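Undergrad: Have a look; sequence and predicted model below, questions after that.
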There are 4 protein chains.
Amino acid sequence: MSLRYLTAGETHGPQLTAIIEGLPSNLELDFEALNFQLHRRQKGHGRGRRMQIEQDTAQIVGGVRHGKTTGAPVALVVANNDWKHWTSVMNIEPISGNDETKRRVHRPRPGHADLNGGLKYNQTDLRNILERSSARETAARVAVGAVARQLLEKFGIRVAGRVVSIGGIAAPEPNMPIDELIARTEESPVRVTDAETEAKMIALIDQTKADGDSIGGVVECIVAGLPVGLGSHVQWDRKLDGRIAQAVVSINAFKGVEFGIGFEAANRPGSQVHDEILYSEEKGYHRASNRLGGFEGGMTNGMPIVVRGVMKPIPTLYKPLRSVDIDTKEPFTAQVERSDACAVPAASVVMESVVAWEVAKAFLEKFGGDSMEELQANYDNYLRQVAEY
Amino acid sequence: MSLRYLTAGETHGPQLTAIIEGLPSNLELDFEALNFQLHRRQKGHGRGRRMQIEQDTAQIVGGVRHGKTTGAPVALVVANNDWKHWTSVMNIEPISGNDETKRRVHRPRPGHADLNGGLKYNQTDLRNILERSSARETAARVAVGAVARQLLEKFGIRVAGRVVSIGGIAAPEPNMPIDELIARTEESPVRVTDAETEAKMIALIDQTKADGDSIGGVVECIVAGLPVGLGSHVQWDRKLDGRIAQAVVSINAFKGVEFGIGFEAANRPGSQVHDEILYSEEKGYHRASNRLGGFEGGMTNGMPIVVRGVMKPIPTLYKPLRSVDIDTKEPFTAQVERSDACAVPAASVVMESVVAWEVAKAFLEKFGGDSMEELQANYDNYLRQVAEY
Amino acid sequence: MSLRYLTAGETHGPQLTAIIEGLPSNLELDFEALNFQLHRRQKGHGRGRRMQIEQDTAQIVGGVRHGKTTGAPVALVVANNDWKHWTSVMNIEPISGNDETKRRVHRPRPGHADLNGGLKYNQTDLRNILERSSARETAARVAVGAVARQLLEKFGIRVAGRVVSIGGIAAPEPNMPIDELIARTEESPVRVTDAETEAKMIALIDQTKADGDSIGGVVECIVAGLPVGLGSHVQWDRKLDGRIAQAVVSINAFKGVEFGIGFEAANRPGSQVHDEILYSEEKGYHRASNRLGGFEGGMTNGMPIVVRGVMKPIPTLYKPLRSVDIDTKEPFTAQVERSDACAVPAASVVMESVVAWEVAKAFLEKFGGDSMEELQANYDNYLRQVAEY
Amino acid sequence: MSLRYLTAGETHGPQLTAIIEGLPSNLELDFEALNFQLHRRQKGHGRGRRMQIEQDTAQIVGGVRHGKTTGAPVALVVANNDWKHWTSVMNIEPISGNDETKRRVHRPRPGHADLNGGLKYNQTDLRNILERSSARETAARVAVGAVARQLLEKFGIRVAGRVVSIGGIAAPEPNMPIDELIARTEESPVRVTDAETEAKMIALIDQTKADGDSIGGVVECIVAGLPVGLGSHVQWDRKLDGRIAQAVVSINAFKGVEFGIGFEAANRPGSQVHDEILYSEEKGYHRASNRLGGFEGGMTNGMPIVVRGVMKPIPTLYKPLRSVDIDTKEPFTAQVERSDACAVPAASVVMESVVAWEVAKAFLEKFGGDSMEELQANYDNYLRQVAEY
């Protein structure tokens, strides 16, 4: 049975809750590092007011004692600091009052789950959909991913993220060691390493906001320091690239995912797509290039995982779109619920988190073990086996 | 418990085997239609000799009686017509003889699972990896998907596939009803609707073959006639677009997936990305556009699913790539194992199959029911509920 | 994808947490009824001091708005009212101090998970095991089961529990309608309907406590009002009796489970084991007896589910057992950690809860639907189909 | 992702098919030993004619090459030697003819899945149910379990089974080493070690057959040589005893399961139920008794697993039971379909098989690894850790 997690919670509810199940014991958790990931998710040029309210922190309410996991499920809570303003609207118990008191939503926003969710779950107050479909839920996933990331780091595996493009403005390939990439992107409000691109992106975001519009982009996640052989070719649902694809597309507003050169592979001949195999005493088997993004046959091949996801512009707009009121069936132009002009830098952090989770899960599936000590011994044993192959 | 399947079998083994579990009873199966899907997978300009040998047909060896499913698991066998030449090399029992008799592989091919699979599973005969990682396995998945497709068709849901581009040559948007698209692509050896594009693609494939190289492309799958509300926004792993993404990326040689306008969403402002909501008495809620490819919040929104996948060029090349012999650690240039210059048209069929599977699975999760009659009644009931919303 | 849940939390930690995923929307929750189930778990003759401290209540922190589920995951919290005394010992952050401050446990108790858990998870403070393996966790499962029970009740399905025997004292067969059984057992401190048995059980429990010993028993759960056809014969892991067996044996201290006449079936000829099939216009198909406990082929047959579980005596004893100190490897006689002489009446409530969960899960798998309205319509449709068969 | 399997096939269909997924590579399979398990399932005093026809053997059609697993899914086929007589009745394609030609069943047998299965799957030919619900399916599970057993044996883990009682005649506790138990039970047509009991059981079976009745019994499975720590206490569905309980109850005709002293635990004081912990330099931690059947907290504690299951008498009877014709709704007395008076000895073999599977699954979850070499190294590492604890 693999590592698994569930999240619960609404955007204006009292809290987000997550339970992680299947972690080894004796994983030392760095609480500050965990909250730093939540902080990273809130940063980025182009965010609206909500990000200032939030100042998210995760509280652990199970599974960790005296700084270490015990093997028991880890429960995480991210409280909603604005909850006091929502206790009535979001009350779990029935409230009296009219639509206004309840802040009932009957005007579905295009690009959100409002209408199809309302139809599926038979809700005439679309708030019952949007509260859960909100990207607020990604805070829980970042907390969960932060735990996975810490597990990976114990084995020298590093996870980085960067913005590849925003609104058509593309950053140049960074070409630097992963730790430098992590440090440099952290300093940029748009998570790029190139100053000129940064300036252009900021200007575009500001202009977009002024226009009452929104803008999306492409983000990239790199995972370095991986062993060969995570995932498997033997059955379709064991392929790790497939699982990562699911995780990435399941992020709110993501519409696609690609590995290595990705869609560009459609345009090149095979002789310019594959990564030749080299060998040296020091490095063992290695590659001269990484066009396949670290995967062959759904398994890691020892090269860094390189995966990109595309985020559509946030559908909540000052510049309104046509929609239909579910009460009257009359057309209207869609209202504004919130106001991030661009959430791409934050999306990069979310993507890192879900990728870290899938890699950690595959790691534990491959190496087994119930404590960090046992996991480490199994891991060392495999590295030895690979070195002697 | 959802619909599920497992496949087994090697490319040169006696047979591929698949078990499908969770189908309703009383689904009338059209065996000819099932084998037609296997036939479609073998067609397409650019395939090598193997496709002529195969002439795949699926034999059902469980779960169907007198033309209908019984609710029991359906077992499918696709026999290997060339098995007689492989009984010794692929013998399940030990054979005597040397590497040559065993056709042992010790020279890993870049772009295949040979090397990372060999390291992971501790195999010094890489045949033990490549026999399973071969794209031959997709024949089993096409058979499985053909059953799912027949289920969907009973509810008026149609699945089409087309080639979007090969080696950089892009087909124009077809803009036609889905049944016409199905008919027109079927007549084309490169699964496009435009004669000029077809000619160019064929020429490119021929040239590529002459060059001893290979070429990939982009394929698209469209699913029309869907109800609103398949998949769910409530938990990341219930989102149907995410699941489809996993299924598509898990196809051999696929490196990316996108929905609707996909990666292009990164370049447009939000006001040109989302699909405005309209309403009319006859059509109910509908959209003026389908840029999001039929998904909002991970749920179908009533518009056709439009999903594209990218297939890298087949890594087996006449034009060799550098690699390393695992016995001697000496470099060599990689050998040829087979010779499709372009398998993109076939990949389109495989992609249709895995998408049909995921949609059928989500359909059964939503509507429950153990017989086709019960499923139909539940479906009708939901359509009524949606119409009255 | 089925209904699922995860729990987290330690016996002396801040809280138990549970997330339920996959519920339909518009399920009206009765909070008082939910807490009544938690209250029932704390009752029963023979409980120690802890039960007075606890007074458990469940707080819902996600997935419910204005009294109804929304389809989103439901998060439940059962706070530990004694937490203030444990903030240091159970601190998630490192604390300074010695073994005493940390209340480190190095003396494993026979019959608990202390020693095997310590070895598996490589823990030298066995508190890291016992905090999670404690039966305290069943409070979370009762809360989860209480939600499932409320779902079932909307469809007229009733769940009862009774004590069959304690320490060898057996209650007579109650032979009464299920609602009377529910009412009568509720009034009894040992959950039996017979006054004489009740008196004998109480006396035995008191004597056992006086002796510094503990005592177990057998409990029974009855589920009435079920449709025919929950679970399935088609694959081993779809059989509902098997799933219930897993759920029951997974309750702390349970060592066995049986259905209908259970182990007695080994002693009778077949002619006295099976339930003859009758038919009448009013009742449809029915049975003259229920020796098989409501299951044939792993599916419900329309008769009530009757399942019994056996609970071993609580292993924490005043009358000590020999064990070995993990620090010194010296023998000692096992210490007392708590002091319930008999928890069988409470175990009956836990068993009802886990059985209710499995039945609700199978119910949703069979009938599908995302809202209570859709579920009801599907259910009605099936009942019609069965009636017309 | 854990070890998993699916089976398909009907009792009179062409074959049973099973796919096992998740095995490590380089497991050397002993084909004779595999078929010996199938042979064991067909033996035993009290079986009818069918067992002579069958002479089951398993053919491997995937996942094994030159005597060893490759990591790929293993596909197993058990052919039906009587298939030639059923090609029309069980044809997958529609056949013409009347009910008689089709051997349509419209008279449901009490104690079988005929009626509830027919209602659930909306079948008016109950053959569509009974063909799959037949105990014939256990042949596939024995083949699957035989592979698991071979895996366990590589690690010195031994699986034995014995008949505890038949029709109320109980065998004395064997009290002998597991290998002797395996050898001795193999020689007995009723799988007991005591000659006197054997004679009595045989006489009872013969008498029962003469009476036109059938008889059940209790069987026991012992798994010895286990490491401490398989399964886990941390979440209900990780408890290995719970999983074994599901597997056992899912065997056709099984109505209960118990571990160690099982239901007897309800009658003893706690001081006579738990297993005291001892320690010695040579043995490490061990126990003076094994009343808990090898489990504490859902985890193995190093003592042998002892699990018992109860099998009801086979419901097909010469001595008929009342039932109702589904066409006419008229009562009739149920027909005979086959004629085993007692299948308890065979059930013992099936139970060994499903228990071996669950133990192997838990073993692989704990130790990870993709090849037998890696698994062995991880296992050794853990044993070292336990020894040094």
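TA: Noted; the coordinates are in hand.
Undergrad: how about A:Arg149, what does it touch?
TA: A:Gln37, A:Val159, A:Glu352, A:Ser353, A:Ala356, A:Ala360 (C-beta atoms under 8 Å, 6 or more residues apart in numbering or on different chains). Placement of C-beta: from N, CA and C, glycine included.
Undergrad: surely the fourth one meets A:Val147?
TA: No - with contact taken as C-beta atoms under 8 Å, A:Ser353 and A:Val147 are classed as non-touching, separated by 9.6 Å.
Undergrad: Looking at the stretch 1-150 of chain A, which residue is nearest chain B?
TA: Nearest to chain B, among the residues of the stretch 1-150 of chain A, is A:Ala113, at 2.5 Å (C-beta to the nearest C-beta).
Undergrad: Run a quick neighbour tally on that residue.
TA: 28 (other C-beta atoms under 10 Å in any protein chain shown).
Undergrad: Now it: phi and psi?
TA: The phi and psi values for A:Ala113, taken as degrees, to the nearest 10, are phi -80, psi 0.
Undergrad: hang on, it packs against B:Gly297?
TA: Yes - counting by C-beta under 8 Å, A:Ala113 touches B:Gly297, with 2.5 Å between them.
Undergrad: Find residues that contact each of the two.
TA: Both A:Ala113 and B:Gly297 are contacted by A:Ile129, A:Ser133, B:His233, under the criterion C-beta under 8 Å, 6+ apart.
Undergrad: Among those residues, name the ones in helices.
TA: Among the shared contacts of A:Ala113 and B:Gly297, DSSP state H puts A:Ile129, A:Ser133 in helices.
Undergrad: Could I get the full set of helices for the stretch 51-200 of chain A?
TA: A:99-102, A:114-120, A:127-133, A:138-153, A:178-187, A:195-210 (DSSP state H, counting those that start in this stretch).
Undergrad: List the contacts of the closest residue to A:His233 other than its chain neighbours.
TA: In space, and not counting its chain neighbours, A:His233 is closest to A:Gly297: 3.7 Å by C-beta to C-beta, 6 or more residues apart in numbering or on different chains. Residues near A:Gly297 by C-beta under 8 Å, 6+ apart: A:His233, A:Lys239, B:His112, B:Ala113, B:Asn116, B:Gly117, B:Ile129, B:Ser133, B:Asn252.
Undergrad: do the same with A:Ala288
TA: The contact partners of A:Ala288, by C-beta under 8 Å, 6+ apart, come to A:Asp275, A:Glu276, A:Leu278, B:Arg322.
Undergrad: which one of these is nearest chain C?
TA: Proximity of those to chain C (C-beta to the nearest C-beta) peaks at A:Asp275, which lies at 36.5 Å.
Undergrad: what about the closest one, which SS state?
TA: coil (DSSP: H, G, I helix; E, B strand; the rest coil).
Undergrad: Tell me if I'm right that it and A:Gly293 touch.
TA: No - assessed by C-beta under 8 Å, A:Asp275 is found out of contact with A:Gly293, at 9.6 Å.
Undergrad: Could you pull out the residues contacting both of the two?
TA: What both A:Asp275 and A:Gly293 touch, as defined by C-beta under 8 Å, 6+ apart, is the set A:Met303.
Undergrad: what sits against the closest residue to chain D within the stretch 201-350 of chain A?
TA: Taking C-beta to the nearest C-beta, chain D has its nearest neighbour within the stretch 201-350 of chain A at A:Val234, 5.0 Å off. Under the criterion of C-beta under 8 Å, 6+ apart, the neighbours of A:Val234 are B:Arg132, D:Glu21, D:Gly71, D:Ala72, D:Pro73.
Undergrad: of all those, which comes closest to D:Gly167?
TA: D:Glu21 (39.6 Å; C-beta to C-beta).
Undergrad: And for that closest one, nearest residue in space, chain neighbours not counted?
TA: Residue nearest to D:Glu21 in three dimensions, not counting chain neighbours: D:Pro73, with 4.6 Å by C-beta to C-beta, 6+ apart.
Undergrad: by contact count, what packs against the longest helix anywhere in chain A?
TA: Longest helix of chain A, by residue count under DSSP H: helix A:344-367. In this structure, helix A:344-367 makes packing contacts with helix A:31-42, helix A:138-153, strand A:158-166, strand A:217-224, helix A:240-249, strand A:305-311, helix A:372-388, judged by 3 or more C-beta pairs under 8 Å, 6 or more residues apart in numbering or on different chains; DSSP states H and E.
Undergrad: Just want the angle from it to helix A:178-187.
TA: Here the directions of helix A:344-367 and helix A:178-187 differ by 150 degrees (axes from the mean of the first three to the mean of the last three C-alpha atoms, to 10 degrees).
Undergrad: now helix A:344-367 against helix A:138-153, angle please.
TA: 50 degrees.
Undergrad: and helix A:344-367, what's its mean pLDDT?
TA: On average, the pLDDT along helix A:344-367 is 98.
Undergrad: List the buried residues for that helix?
TA: Neighbour-count burial for helix A:344-367 flags A:344-367 (criterion: 16 or more other C-beta atoms under 10 Å in any protein chain shown).
Undergrad: Please, which helix or strand holds A:Val257?
TA: Here A:Val257 is covered by strand A:254-259, with elements defined by DSSP states H and E.
Undergrad: Can you give me the pLDDT of A:Ser134?
TA: For A:Ser134, pLDDT reads 95.
Undergrad: so it touches A:Thr11, yeah?
TA: Yes - with contact defined as C-beta under 8 Å, A:Ser134 counts as touching A:Thr11 (3.7 Å).
Undergrad: Give me the neighbour count for the residue of chain A at minimum distance from chain D.
TA: Of all residues in chain A, A:Gly368 sits closest to chain D, at 2.4 Å by C-beta to the nearest C-beta. Applying the criterion other C-beta under 10 Å, we find 23 residues in the vicinity of A:Gly368.
Undergrad: Of the helices of the stretch 51-200 of chain A, which shows the lowest average pLDDT?
TA: Minimum mean pLDDT among the helices of the stretch 51-200 of chain A: helix A:99-102, a mean of 88.
Undergrad: Tell me which residues are up against that helix.
TA: Contact with helix A:99-102 is made by A:Ser88, A:Val89, A:Ile95, A:His106, A:Asp125, A:Arg127, C:His66, as judged by C-beta under 8 Å, 6+ apart.
Undergrad: Now do the spatially closest residue to the second one that is not a sequence neighbour against D:Lys361, distance only.
TA: To tie it back to what came earlier, the one meant is A:Val89. Leaving aside its sequence neighbours, A:Val89 sits nearest to A:Arg103 (C-beta to C-beta, 6+ apart; 4.8 Å). Distance, A:Arg103 to D:Lys361, by C-beta to C-beta, to the nearest Å: 49 Å.
Undergrad: Local confidence estimate at A:Glu330?
TA: A:Glu330 is assigned 95 on the pLDDT scale.
Undergrad: Now do the same contact list for it.
TA: Contacts of A:Glu330 (C-beta under 8 Å, 6+ apart): A:Val324.
Undergrad: pLDDT weak spots in the stretch 251-389 of chain A?
TA: Residue ranges of the stretch 251-389 of chain A with pLDDT under 70: A:316-319, A:334-339.
Undergrad: residues from it in reach of chain D?
TA: Contact residues (C-beta under 8 Å from any C-beta of the partner chain) of the stretch 251-389 of chain A with chain D: A:364-370, A:373-374, A:377-378, A:381-382, A:385.
Undergrad: Please name the nearest non-neighbouring residue to A:Val223.
TA: Distances taken as C-beta to C-beta, 6+ apart put A:Ile305 closest to A:Val223, at 4.1 Å, once the chain neighbours are dropped.
Undergrad: Alright, I will stop here.
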